[in-house]
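Engineer: Got a predicted model here, sequence first, then my questions.
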Amino acid sequence: MDQSERGAGQDVDGESAVDSKWQSDTNWSGDTEPTANSSLRFAGTTRLINTNDFAAGTQFAGLTFNAGAGAFTLSGNKVNLLGNVVNNSANTQTIGLPLALDGSSRAFNALGSSLTVSVRSARPAGRTV
């Protein structure tokens, strides 16, 4: 199952005048922060350095960098990943937050450009990164 089919998707739009945190409503389309199990999509070229301030271990259905997305750097608390990481952008995307790979195997697809994972990923026994 593709991550877009798992949970409601939420697009980051970086419109907050205050910060680049994931729990700031105005950083997301519709000015509504995502909920656990949502697919997170990163687009545009504002607030490219942003922070996951959800509780460590919050599950998200996947991370997608849309075509046309700037070069994002994600940091902050650990994400429990239920889906894949996909880069459809021509820019390199950097994931600097811990990832726990929940469920079955996960794919890291650099379709448009590179993906850099700059922290050690947490994984259940028997899972490889």
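Structural biologist: On my side now, so go ahead. Residues are numbered from 1 along each chain as shown.

Engineer: And the pLDDT at the closest residue to residue 18 other than its chain neighbours?
Structural biologist: Nearest non-adjacent residue to residue 18, counting by Cβ to Cβ, 6 or more residues apart in numbering: residue 24, 6.6 Å away. Using the backbone N, CA and C atoms, a C-beta is placed for each residue, glycine as well. Looking at residue 24, its pLDDT is 93.

Engineer: which ones are touching residue 24?
Structural biologist: 16, 18, 33 (Cβ atoms under 8 Å, 6 or more residues apart in numbering).

Engineer: same thing with residue 16?
Structural biologist: Contacts of residue 16 (Cβ under 8 Å, 6+ apart): 24, 26, 27, 47.

Engineer: In those, which residue is surrounded by the most others?
Structural biologist: Using other Cβ atoms under 10 Å as the neighbour criterion, residue 27 leads the contacts of residue 16 with 24 neighbours.

Engineer: what sits against that residue?
Structural biologist: Counting by Cβ under 8 Å, 6+ apart, residue 27 touches 12, 13, 14, 15, 16, 19, 20, 21, 33, 47, 50.

Engineer: Backbone torsions only: list them for it.
Structural biologist: Residue 27 has phi and psi values of phi -90, psi 0 when expressed as degrees, to the nearest 10.

Engineer: which intervals of this structure have sub-threshold pLDDT?
Structural biologist: Within the chain, the segments meeting pLDDT under 70 span 1-8, 119-129.

Engineer: Please report the distance of residue 92 from residue 66.
Structural biologist: According to Cβ to Cβ, to the nearest Å, residue 92 and residue 66 sit 15 Å apart.

Engineer: and what of residue 103?
Structural biologist: 24 Å.

Engineer: quick one, which of these two is more surrounded?
Structural biologist: More crowded of residue 103 and residue 66, by other Cβ under 10 Å: residue 66, with 16 against 13.

Engineer: Distance of residue 41 relative to residue 29?
Structural biologist: Note on residue 41: its distance to residue 29, by Cβ to Cβ, is 9 Å.

Engineer: Between these two, which is the more surrounded one?
Structural biologist: Between residue 41 and residue 29, counted using other Cβ under 10 Å, the more crowded position is residue 41 (22 against 14).
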